[in-house]
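Participant: here is the input, now give the coordinates:
(chains A, B, C and D)
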4 protein chains.
Amino acid sequence: MRRRFCDSLRKEVDLLWERIFTHPFLIDLGEGQLPLDVFRFYVKQDYVYLLEFSRCLGIAAAKAEDRETMRTFASLLDASFTVEVEMLERLGQKIGIAADELRTSEPAPTNVAYTRHLLSVAYAGTVGEIMAAMLPCMWSYQEIGERLLDQSGLTRNPIYSEWCATYRTQEYMDLVSWYRRLVDDLASESGSLVRKKMRTHFVLSSRYEYLFWDMAYRKEAWPL
Amino acid sequence: MRRRFCDSLRKEVDLLWERIFTHPFLIDLGEGQLPLDVFRFYVKQDYVYLLEFSRCLGIAAAKAEDRETMRTFASLLDASFTVEVEMLERLGQKIGIAADELRTSEPAPTNVAYTRHLLSVAYAGTVGEIMAAMLPCMWSYQEIGERLLDQSGLTRNPIYSEWCATYRTQEYMDLVSWYRRLVDDLASESGSLVRKKMRTHFVLSSRYEYLFWDMAYRKEAWPL
Amino acid sequence: MRRRFCDSLRKEVDLLWERIFTHPFLIDLGEGQLPLDVFRFYVKQDYVYLLEFSRCLGIAAAKAEDRETMRTFASLLDASFTVEVEMLERLGQKIGIAADELRTSEPAPTNVAYTRHLLSVAYAGTVGEIMAAMLPCMWSYQEIGERLLDQSGLTRNPIYSEWCATYRTQEYMDLVSWYRRLVDDLASESGSLVRKKMRTHFVLSSRYEYLFWDMAYRKEAWPL
Amino acid sequence: MRRRFCDSLRKEVDLLWERIFTHPFLIDLGEGQLPLDVFRFYVKQDYVYLLEFSRCLGIAAAKAEDRETMRTFASLLDASFTVEVEMLERLGQKIGIAADELRTSEPAPTNVAYTRHLLSVAYAGTVGEIMAAMLPCMWSYQEIGERLLDQSGLTRNPIYSEWCATYRTQEYMDLVSWYRRLVDDLASESGSLVRKKMRTHFVLSSRYEYLFWDMAYRKEAWPL
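Facilitator: Next up, the predicted model:
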């Protein structure tokens, strides 16, 4: 029964996520034909994003109710600096982004907007709200991974293939399952007010997921 | 000597603010020819913005070092709900925005991005950083007021005239002076690290000021 | 039905509050025989406490869900610097505490512990939690006011009488009613998890209320 | 030159720390004669303390300026749940504290006061302030370890010996050095205001360190 909260969130953003899956960035990527400079732009933005996402994990750890949840956040936070950052650094090297270039990347406007949304929820909200805001990133990447798997074009591009494989490992799927279970649990323990906010954050983060792909495709810059 | 920090901030954003002053929204407004529906859109967004801006004042009050600064923030926060909100509600009535419509306005994307920037600085930063992030709004409106004063077109439009007059009262100018003095004081007590962050926040908020006018002019909507 | 949350909180701390009402500080005060230096110590500590309590109001304003609640917090925060601080300053003058002495008072250990409890709840918790933590102070003073009213000894001491009268004004009682109603509302909108935390905060703050009177009676100092 | 900030902090608390080193708890422990039930009480309180300390590490990670500092906080936070918690759990088993008893320990009043101080600094302050508040715990344990090393009585008690050895490993000393270096660096980048607050937090945490040992020795309970 608890499972229903995430299921109902997923239903609510169904059309919105469909727009993500059919965005030219992911279509082109699945056909192995996404221009490399667009992918490079994306990787640099993702690297910056990951850092701010990690800050939210730190706050979630600080606010966690019980020792076990806290331990998991602590472990995820640590992994974001070892497993994930290193994955992006290795990927960066392969596509010609120097470590220094990666570290000094400036966030594009949509990236700033998305991460400030996450950070302000993290500081002002409950753990349930924080998780609901962070979930669309985790979860939509899993579905993207599953969808791209079927694309024959992807397999012809080893770089894109390898990137995509990250989100289809058992480890990653277990992580998303843990997130969803936690969000379901937290929703069931929460009142109508917090649940409403969780829903709002989830939808807004889903919008930002779409906008993030679009930002990368357009290699978005500040207008001034 | 202390005065120099705000002066140097002002210099840094000179071109950027010039872009604000010459944005079609303000040019059209100064000529009394801004379409009323565009102005209505702006007023509703400003109403939403003010609420989030007030949240930042609450956090600034909580973080203030001394009793006097805290008392001033408390007084500003209270005024934002009496003086400012009521000014917008009266203005809204005159241009055909029902109180209910005002209160249920949804923030446009740029408004969300701007206020999340302010909120995340408010929660994560020092009082100096919070003030530096909030200053461009306060200060640029004063300069906008001064510039528009010379426009003959404005005086032919009593609505726009009256709105503009708000930012040219002695009271408003005193408020901006207090903000600037506080930012100067806080900068002089801060180290290189916080000063650098104050500068960054000030520039980003200045960008958002430009984008806010542009958002209103385009009656920006979520792309999905 | 909503009323029941505060009622159940009140029941839970009944014995604990009885210990407050029968603490020698309040017994002696009610008999008009509390040594003035003990009362002076208390007033200085209360002055320091009020400042930290106000910080929590600032954060509560920042986190409030709706405009009306936010407006009330803003107004309470402002009042705490006008009405309440000034009341204590006037009282201080009458009993020989110079304004400077009041402003530079150092918090005793129990005062630090109590206010850090309030502040950490304010930063980490929901508005419901913040209110639940702040309520015992507001509410127990109202009951103290009612109890002391019957004491014939009190009326013979104009200073103590006047101090006590503050907590028996209609305005103060309305304020406590507003707090209780808000706590009831927030509890009814909250889930089991937040309600449990609200209860825990309320009990801890009630303990600190007792300890605060005891601190004053002992003129508590840091052991080192 | 940077080193001077921590050095000056250390000098400021010299008498206070001397009181720690000569507290009966540590004297008795060094003679191998501390009653086991007192040590058990201490271990349970330390276990609770560690959890709250870890929350502060989460917030410090969220607020860290640069990637490297953030990575270190993330790694410390993770280690606090693996290395340190497990050390206490193993120690607990040896002295007859069941895992469940450890996990459900309630914090004594001084423990609550100390951790709320740390948490409120963590939420309201800069990384420099957070570190300055956390440093006395880390650093004083290293000095305690060094002092106890010379005590012949300690070696006769394998439990106390082993506990003490934790704080004399190269790894622990490297950790304290890293903390001190970071505090020195952050102080040098900070202005007079933040440096003053860092000093205040460091002194208060040092006081709480003394009070913590005293709390354990007295097996402190809530008076009501």
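
Participant: the longest helix seen in chain A and chain D, are they touching?
Facilitator: Taking residue count as the measure and DSSP state H as the definition, the longest helix of chain A comes out as helix A:36-63. Yes. Part of helix A:36-63 sits near chain D under the criterion C-beta under 8 Å from any C-beta of the partner chain, namely A:51, A:54-63. Any C-beta I mention is one placed from the backbone N, CA and C, and that applies to glycine too.

Participant: what about stretch A:78-87, near chain D?
Facilitator: Yes. Against chain D, stretch A:78-87 shows contacts by C-beta under 8 Å from any C-beta at A:78, A:80-81.

Participant: tabulate these (CSV), appending secondary structure, pLDDT and neighbour count.
Facilitator: Output for the residues of stretch A:78-87 next to chain D, formatted as CSV (DSSP: H, G, I helix; E, B strand; the rest coil; pLDDT from 0 to 100; neighbours: other C-beta atoms under 10 Å in any protein chain shown):
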residue, secondary structure, pLDDT, neighbour count
A:78, helix, 94, 23
A:80, helix, 92, 20
A:81, helix, 89, 22
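
Participant: can you point out the buried residues in the host helix or strand of residue A:136?
Facilitator: Element membership for residue A:136 (DSSP states H and E) is helix A:127-149. By 16 or more other C-beta atoms under 10 Å in any protein chain shown, the buried positions in helix A:127-149 come out as A:127-142, A:144-145, A:148.

Participant: so what does the helix or strand of chain A with the lowest mean pLDDT touch, helix or strand wise?
Facilitator: Of all the helices and strands that make up chain A, the one with the lowest confidence by mean pLDDT, DSSP states H and E is helix A:152-155; it has a mean of 87. With contacts taken as 3 or more C-beta pairs under 8 Å, 6 or more residues apart in numbering or on different chains; DSSP states H and E, helix A:152-155 sits against helix A:24-30, helix A:158-165.

Participant: how near is the most centrally placed residue in chain A to residue A:64?
Facilitator: With the centre of chain A defined as its mean C-alpha position, the nearest residue by C-alpha atoms, centre = their mean is residue A:137, 2.5 Å away. Counting by C-beta to C-beta, to the nearest Å, the gap between residue A:137 and residue A:64 amounts to 19 Å.

Participant: check residue A:94 too.
Facilitator: Going from residue A:94 to residue A:64 by C-beta to C-beta gives 36 Å.

Participant: who has more neighbours, the two?
Facilitator: In this comparison of residue A:94 against residue A:64, neighbours counted by other C-beta atoms under 10 Å in any protein chain shown, the higher total goes to residue A:64 at 22 against 12.

Participant: what is the burial count for the nearest residue to residue A:221 once chain neighbours are set aside?
Facilitator: Leaving aside its chain neighbours, residue A:221 sits nearest to residue A:108 (6.8 Å; criterion: C-beta to C-beta, 6 or more residues apart in numbering or on different chains). By the criterion of other C-beta under 10 Å, residue A:108 has 22 neighbours.

Participant: model confidence for residue A:108, exactly?
Facilitator: We note a pLDDT of 98 for residue A:108 in this prediction.

Participant: ok, it touching residue A:217?
Facilitator: No. Checked against C-beta atoms under 8 Å, the pair residue A:108 and residue A:217 is beyond contact range at 11.4 Å.

Participant: rewinding a little: looking at the residues of helix A:36-63 next to chain D, which one is closest to chain C?
Facilitator: Distances from those to chain C were compared by C-beta to the nearest C-beta; the smallest belongs to residue A:63, at 5.8 Å.

Participant: okay, now the closest one: neighbour count?
Facilitator: The tally of other residues near residue A:63 (other C-beta under 10 Å) stands at 24.

Participant: swap in residue A:177?
Facilitator: Residue A:177: 12 surrounding residues under other C-beta under 10 Å.

Participant: gap between it and residue A:84?
Facilitator: Applying C-beta to C-beta, the value for residue A:177 to residue A:84 is 18 Å.

Participant: now swap in residue A:123 and tell me
Facilitator: Counting by C-beta to C-beta, the gap from residue A:123 to residue A:84 is 23 Å.

Participant: thinking again about what came up before, buried ones among the residues of helix A:36-63 next to chain D?
Facilitator: Of the members of the residues of helix A:36-63 next to chain D, the ones counted as buried by neighbours, 16+ other C-beta under 10 Å, are A:51, A:54-63.

Participant: in TSV, list those residues along with pLDDT and distance to residue B:26.
Facilitator: Below are these laid out as TSV (pLDDT from 0 to 100; distance: C-beta to C-beta, whole Å):
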residue	pLDDT	distance to residue B:26
A:51	96	36
A:54	97	40
A:55	98	36
A:56	98	37
A:57	98	42
A:58	98	41
A:59	98	39
A:60	98	42
A:61	98	46
A:62	98	43
A:63	98	43
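
Participant: and those, which is closest to residue B:11?
Facilitator: residue A:51 (30.4 Å; C-beta to C-beta).

Participant: and residue A:101, how many neighbours?
Facilitator: Counted with other C-beta under 10 Å, residue A:101 comes out at 13.

Participant: what do you get for residue A:185?
Facilitator: Using other C-beta under 10 Å, residue A:185 has 16 other residues around it.

Participant: what about residue A:222, which SS state?
Facilitator: At residue A:222, secondary structure determined by DSSP: H, G, I helix; E, B strand; the rest coil is coil.

Participant: can you give me how far the helix or strand hosting residue A:208 is from the chain middle?
Facilitator: Element membership for residue A:208 (DSSP H and E) is helix A:192-217. For helix A:192-217, the separation from the chain centroid amounts to 11 Å (computed by C-alpha atoms, centre = their mean, to the nearest Å).

Participant: cool, and stretch A:53-68?
Facilitator: Taking the mean C-alpha point of stretch A:53-68 and that of its whole chain, the gap between them comes to 17 Å (C-alpha atoms, centre = their mean).

Participant: send the alpha carbons of that stretch over as PDB?
Facilitator: As requested, C-alpha coordinates have been extracted for stretch A:53-68 and formatted as PDB (Å, rounded to 0.1, in the frame of the first residue of the first chain):
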ATOM      1  CA  PHE A  53      23.200  17.300  -5.300                       C
ATOM      2  CA  SER A  54      25.800  16.000  -2.800                       C
ATOM      3  CA  ARG A  55      25.300  19.000  -0.600                       C
ATOM      4  CA  CYS A  56      21.600  18.000  -0.300                       C
ATOM      5  CA  LEU A  57      22.700  14.500   0.700                       C
ATOM      6  CA  GLY A  58      24.800  16.100   3.500                       C
ATOM      7  CA  ILE A  59      21.700  18.000   4.800                       C
ATOM      8  CA  ALA A  60      19.500  14.900   4.400                       C
ATOM      9  CA  ALA A  61      22.100  13.000   6.500                       C
ATOM     10  CA  ALA A  62      21.900  15.800   9.100                       C
ATOM     11  CA  LYS A  63      18.100  15.600   9.200                       C
ATOM     12  CA  ALA A  64      17.600  11.900   9.000                       C
ATOM     13  CA  GLU A  65      15.400  10.500  11.800                       C
ATOM     14  CA  ASP A  66      17.100   7.200  12.400                       C
ATOM     15  CA  ARG A  67      20.600   5.900  12.400                       C
ATOM     16  CA  GLU A  68      20.200   3.500   9.500                       C
END
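
Participant: now the helices and strands packed on helix A:152-155 as CSV including mean neighbour count, mean pLDDT and distance to chain D?
Facilitator: Conversion of the helices and strands packed on helix A:152-155 to CSV gives the following (neighbours: other C-beta atoms under 10 Å in any protein chain shown; pLDDT from 0 to 100; distance: least, C-beta to the nearest C-beta, whole Å):
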stretch, mean neighbour count, mean pLDDT, distance to chain D
helix A:24-30, 19, 97, 26
helix A:158-165, 17, 94, 21
